[in-house]
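Trainee: my questions concern the predicted model and sequence given below.
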There are 2 protein chains.
Amino acid sequence: MNQDYIRPNEWSIIEDGFDKENVKASESLFSIGNGAMGQRANFEEHYSGPTFQGSYIAGVYYPDKTRVGWWKNGYPEYFAKVLNAPNWIGINVLLNGEPLDLNTCKKVANFRRELNMREGWYQRSFKAVTSGDETIDVKVTRFLSLDLDEVGAIKFEISPIDNDLEITFNPYLDSGITNEDSNWDDKFWNTTNVVSEGNQAFIEAHTMKTHFATCTFMEAQLYHEGEKIDLEPSEVKKELWVGHEYVQEVKKGESASLVKFGGYTVSTNHKPNELVQASKRVLKKATDLGFEALLEMQRKAWFKIWEMSDITISGDIKAQQGIRFNIFHLNQTYLGTDSRLNIGPKGFTGEKYGGSTYWDTEAYCIPFYMATKDQKVARNLLQYRYNHLEKAIENAQKLGFSDGAALYPMVTMNGEECHNEWEITFEEIHRNGAIAFAIYNYFRFTGDYSYIPEMGLEVLIGIARFWHQRANFSEQKQKYVILGVTGPNEYENNVSNNWYTNYIAKWCINYTLEQLQKVKEGYPEDYDRIVGFTKLTDTETDEWAEVAKKMYFPYSEKHGIYLQQDGFLDKELITVAELPKSQRPINQKWSWDRILRSPYIKQADTLQGFYLFEDQFTLEELEKHFDFYEPFTVHESSLSPCVHSIQAAKLNRMEQAYQFYLRTSRLDLDDYNKEVEEGLHITSMAGTWMSIVEGFGGMRIVDDKLSFTPRIPKQWEGYSFKINFRHRILKVTITKKEVKFVLEGKEDMSLRVSGERLVISPNTETIFENQLA
Amino acid sequence: MNQDYIRPNEWSIIEDGFDKENVKASESLFSIGNGAMGQRANFEEHYSGPTFQGSYIAGVYYPDKTRVGWWKNGYPEYFAKVLNAPNWIGINVLLNGEPLDLNTCKKVANFRRELNMREGWYQRSFKAVTSGDETIDVKVTRFLSLDLDEVGAIKFEISPIDNDLEITFNPYLDSGITNEDSNWDDKFWNTTNVVSEGNQAFIEAHTMKTHFATCTFMEAQLYHEGEKIDLEPSEVKKELWVGHEYVQEVKKGESASLVKFGGYTVSTNHKPNELVQASKRVLKKATDLGFEALLEMQRKAWFKIWEMSDITISGDIKAQQGIRFNIFHLNQTYLGTDSRLNIGPKGFTGEKYGGSTYWDTEAYCIPFYMATKDQKVARNLLQYRYNHLEKAIENAQKLGFSDGAALYPMVTMNGEECHNEWEITFEEIHRNGAIAFAIYNYFRFTGDYSYIPEMGLEVLIGIARFWHQRANFSEQKQKYVILGVTGPNEYENNVSNNWYTNYIAKWCINYTLEQLQKVKEGYPEDYDRIVGFTKLTDTETDEWAEVAKKMYFPYSEKHGIYLQQDGFLDKELITVAELPKSQRPINQKWSWDRILRSPYIKQADTLQGFYLFEDQFTLEELEKHFDFYEPFTVHESSLSPCVHSIQAAKLNRMEQAYQFYLRTSRLDLDDYNKEVEEGLHITSMAGTWMSIVEGFGGMRIVDDKLSFTPRIPKQWEGYSFKINFRHRILKVTITKKEVKFVLEGKEDMSLRVSGERLVISPNTETIFENQLA
């Protein structure tokens, strides 16, 4: 564990004490978002110490020119950069004309941050002796409204302790921002209008190239001893900056506060030339309500989210804090209401990776959203890919595929590929499989078949075509092989016959063939439309079937396991346990060639296949593969521990499952990978949810019904979660002694617990004695 | 063949007629150099059409910041950029005040370029009707002196045809130059001093970061009707530019000319603060001699070079032109007098690739220089690597190797690695083998063993240590394997057990062990010094021997061939002949992943090993491997056809050998790869020499003696070459009927011809009937 300054607490993330070394990490951990926008927990007032400034607007990106050392054919010309957006949270503070700056204060006491996850707000308070020797108490509360998702609110309160003070609040907007990851001093925003009107201000700016038009806005109100002071502020305008000055004489013991409302209106939701008007409308709504009423609405909105998605853990406060932190950030990042959006790997907490959509969405996030929201949220996520099918076909064409073969991008904002390492972009093709799997998984969980004839089948056809063309027949093996790929384990590049890739390729083809048959029988009109549109012939599907039938899988007779790829056993098989600690993490200590020729696995690869397709393997097979591969796994991907936690739980290795759980749930809180400053690992947070529900709870869908195999780590007294299964809400509570089900609604539900069939009635507790597996 | 505008001629490269489309290609083809500096054949006067401006100074480079999409541990922070140097060749011309610009002339007639290779000068002449409707004859002659290698000379002659004219010559120096390959508007030169003194001018500029100080200088003289005009020119100075104006009234039919001397003095050869003085000294020498005398010296100097290195071919003018073009550019690039310099892949003809030293030097260039120059030139090239041994050890350390293991860089200027693709930089490790092989080859050819105890053995130890550490024991195979490499065929990345790499690794270890024994016995003091310094133990060398003994080589029983690497036979084995022409060159038509999983070979890989180690394989084995691999070879590396030409000749497939010969010798003249605009392929030109001497001539060293197996393409009447073998000069002339030897010196020499022993006496023709193999 690398940091421990965050206080354990059931519902809040709390930092006590001011340490400049922690500022960037806390800026990540205390980030807030509301699905439409978000920002790092930067201080409102000027801070001269090291900081990573970041505000982000969902869906607003910049196609930056791809720069590589040596160009390869097929590289995308542009990659999507997550853009730092104009700053609306800034409030500079002067005390008798001297700026407040925590970096230069003589003393900072009682410094405390709290991210209240239950209610959805962030607060920072401290007592400071300023560089001008004034002592003040400060409390700043900030939230981004879930109800009015274009607006956020800040209340900045100051009390002089020893002397009367002239306090100047200087709220401002600033579009002169840059990206942290920009090496080339590039500007991405073009500011077209800077306006100040009374206590409101507006900056209109659009992104270059993509021409997203935005209006960043603010309105402030001054309070003295809780009384609103009606005051026309003085204004300061610069080229990319507009600020107001509110000056108030405050006696010692009294308090002054500034309430600032701010946010963005964007051309994706309004006409570009009506953004200022739209901003005024949302400001009016917010100010009419006022800070306290808006905060009360925020509490209620979060209460509603938690009511469905909360997981409780008793007897282990750190585990409880961890899972809520994960659920909270997932909901801050994506709420599922807009099918144009997706779930960026850093959410609104940083810039790294660029682009918003990875295979993480399909492989990790969909199960969480499917079970904790209405199923239309998952359908929106599927439809996002359907909308990008044409671009996926173009992407495959760029790499030499033809006739409607589709290769979904590794990273994207708008369907175009925007990643530029050949070994990932061109070779990590298993992502196509996850997108097909999500279609299967959606139907398995929701029972909503309609998606497949409407949209999903076309996606499946494009993907099956890709696998058909991508495999080639090996005369030597008399089998189809898939050469030159990167599997989920990105610590191998350009390998042949990656078992996971070959397996999911075969599965995709077979699943597509089955769905073709099913749609033909059940939805003949859709079938005709799709076959006509895609020009699919029996010859082609026969060829697909042949590829699937004769797919090659590397296997070791000696070990009785499938090999991660050809040649794996030629490696020097030294386990991670035997590796000196000084050599880890290997991605920071070793050169790339050394990593590649080592046996070390970044994240589940063969075991990822065993996770997705567990029905097709015995428990003994799982055990053999787990025992072979896990000892070589360094878990240097945030997506690794969750899958291993689930598999360990299935093998009833609860201590190991628990350790993996802690690692996934507190990855960022405890900064396992020493990189939390750069932002949080949002998509892997959904894996944490899976670790509990699918891992410890053993939830599966079997024959259209829920099934549980409950287990519990010895460190826990009990835990509970809720599942929205086909519009039925089921709460499951598991202790060491019993499993308790409470079903909402009116009808009975049949399910399985540890293999036994059970029928439960609604609105009553059904208790099942827990015979831990 | 892609272009045919170059006129066939035995001794000259000639372009007739002005085609703007050819300007950049001709700028490459007509480049001149003198080992110390060089430049593309840019026009002296302003040209507003598309052009690629380039002047280069040997050894002067800039360590540019490495920019990649995703950083990998082990990447060098900087890469060496070949820098465009300040321009000294510029002479703008005004005719009655109107600028001469070939791009805007109303008519250009009799345009002709000639690169006279026999005499070492470049001339351009034309008749133009200018935009101002004046008709003039122009002739410009330029050369870079071999005798005074800091200076070049230009004579720019103009004759008005129809009207009297006021001609203004405006010679200038310009340090406001940029690099063609710079995407980021970076400046690499810092200009510190711009001076004009009478008819001389000087610009002092140093490179940023590396601080090479340079003085670019010029002096001009005006002539009217061949009479020197004493005239103080008027001067124009700008920030990075200084020019003079010489104005002359010229009647129609008369001529005026400007002679300009210019060049560079550099801090590598002078004290940095004495560069202007040094420039004045070299200018005095040049002007004292005058243009004609200096040109006469140039003729003599080139005559001396040709006397030893010329290859004549009768009956095939294009083949003759091709080989002389190759020999000429090799000598323009590197003359072997300075062990700090090496042979850049583009010489002084372009910027591409950066850095000056590749494995090309050891694998391709050393045989040429060894046989056509004094052997100290080859020794200088070996010593270059000895001087970089410490950096090679550091380079290996960065990649995780220890205890004195050395990995020579893929590309370098100063011994540091300066290439940044992981698959090349980290994995194309066979380069280490070529460096060891060159040590063996030097001794084999020259018989000078002294290099090994003095320097070579330390290099060999570092290399053997690398191979020992880089191989690992495969439990499965019970053999040592080398995983994750890129072989000479760069169309495969991160493959395992590349046969060539494994073979040369084994060879390096065995050769080092032999040399250790030999030095121990013959040079005990050197042995003790080296063993003490390197801390070499018997345990370590025993381990080396074990690795060599148990090295794994992939082999196909079915085909009876060594496999290029593990898994080669899983590919879709469609030959190049079956590939549609529209798909080629694949490096321009295909995405990288498609190239990687194809069977297509960029350049000799397994066959490269058969070339270097031919003694260890039978002719039948060579034939089998040639017949298997050549059909998959696309020869998209300039280094490919020469090796194939040699192998085809050995197999007595003379038509194929001849076709490969044309392709290597006229690669740039005929622009096979559609890229001559970027510069010439200098290092592969040495391969052309090998194609004739080792391929057709069948020259080898067997038991310390020269051996020949002469063959001749049916298109040729005869050919001849000279070999400097252990300070003895032997001229070999081969016709369809006979082989003729003429030996210089005083002693007899024994040699073999087509397997038969022969003793030849000096200074007489020894004729051997040619029984073509």
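Mentor: Alright, I've got the coordinates.

Trainee: state which helix of chain A is the longest.
Mentor: helix A:499-522 (DSSP state H).

Trainee: so does that one get close to chain B?
Mentor: No - taking C-beta under 8 Å from any C-beta of the partner chain as the criterion, helix A:499-522 and chain B are apart, separated by no less than 12.3 Å. Bear in mind the C-beta positions are built from the backbone N, C-alpha and C, glycine included.

Trainee: pLDDT on that helix, on average?
Mentor: What helix A:499-522 shows for mean pLDDT is 98.

Trainee: what sits up against the least confident helix or strand in chain A by mean pLDDT?
Mentor: Sorting the helices and strands of chain A by mean pLDDT, DSSP states H and E puts strand A:78-82 at the bottom, at a mean of 83. With C-beta atoms under 8 Å, 6 or more residues apart in numbering or on different chains as the test, strand A:78-82 has contacts from A:56, A:61-66, A:179, A:181, A:188, A:344, A:346, A:351, A:353-356, A:411-414, A:416, A:418-420, B:69.

Trainee: in strands only, show me the residues you listed.
Mentor: Within the contacts of strand A:78-82, residues falling in strands by DSSP state E are A:56, A:61-65.

Trainee: closest one to chain B out of those residues, please.
Mentor: For the ones in strands among the contacts of strand A:78-82, the residue nearest chain B by C-beta to the nearest C-beta is residue A:65; the value is 8.6 Å.

Trainee: look up how far chain B lies from the nearest residue to the closest one once chain neighbours are set aside.
Mentor: Leaving aside its sequence neighbours, residue A:65 sits nearest to residue A:78 (C-beta to C-beta, 6 or more residues apart in numbering or on different chains; 6.3 Å). Counting by C-beta to the nearest C-beta, to the nearest Å, the gap between residue A:78 and chain B amounts to 12 Å.

Trainee: from residue A:207, how far out is residue A:78?
Mentor: 13 Å (C-beta to C-beta, to the nearest Å).

Trainee: cool, and residue A:622?
Mentor: 48 Å.

Trainee: tell me which of the two has more neighbours.
Mentor: Applying other C-beta atoms under 10 Å in any protein chain shown to residue A:622 and residue A:207 shows that residue A:207 carries more neighbours, namely 21 against 17.

Trainee: which residues of chain A score low on pLDDT?
Mentor: A:1-3, A:181-185, A:770-773 (pLDDT under 70).

Trainee: tell me who's in contact with the nearest residue in space to residue A:489 that is not next to it in sequence.
Mentor: In this structure, residue A:489 finds its nearest non-sequential neighbour in residue A:605, 3.8 Å apart by C-beta to C-beta, 6+ apart. Neighbouring residues of residue A:605 by C-beta under 8 Å, 6+ apart: A:487-489, A:492, A:498-500, A:564, A:629.

Trainee: got a list of contacts for stretch A:697-704?
Mentor: Outside stretch A:697-704, the residues that touch it by C-beta under 8 Å, 6+ apart are A:444-445, A:447, A:649-650, A:693-694, A:706-711, A:721, A:723, A:732, A:734, A:752, A:754, A:773.

Trainee: sorry, back to before: now the buried members of the ones in strands among the contacts of strand A:78-82.
Mentor: Of all these considered here, the ones buried according to neighbour count by 16 or more other C-beta atoms under 10 Å in any protein chain shown are A:56, A:61-64.

Trainee: now the two most distant members of the residues you listed.
Mentor: The distance between the two most remote of these (C-beta to C-beta) is 16.4 Å, for A:56 and A:63.

Trainee: for residue A:476, what are its contacts?
Mentor: Taking C-beta under 8 Å, 6+ apart, we find residue A:476 in contact with B:558, B:569-570.
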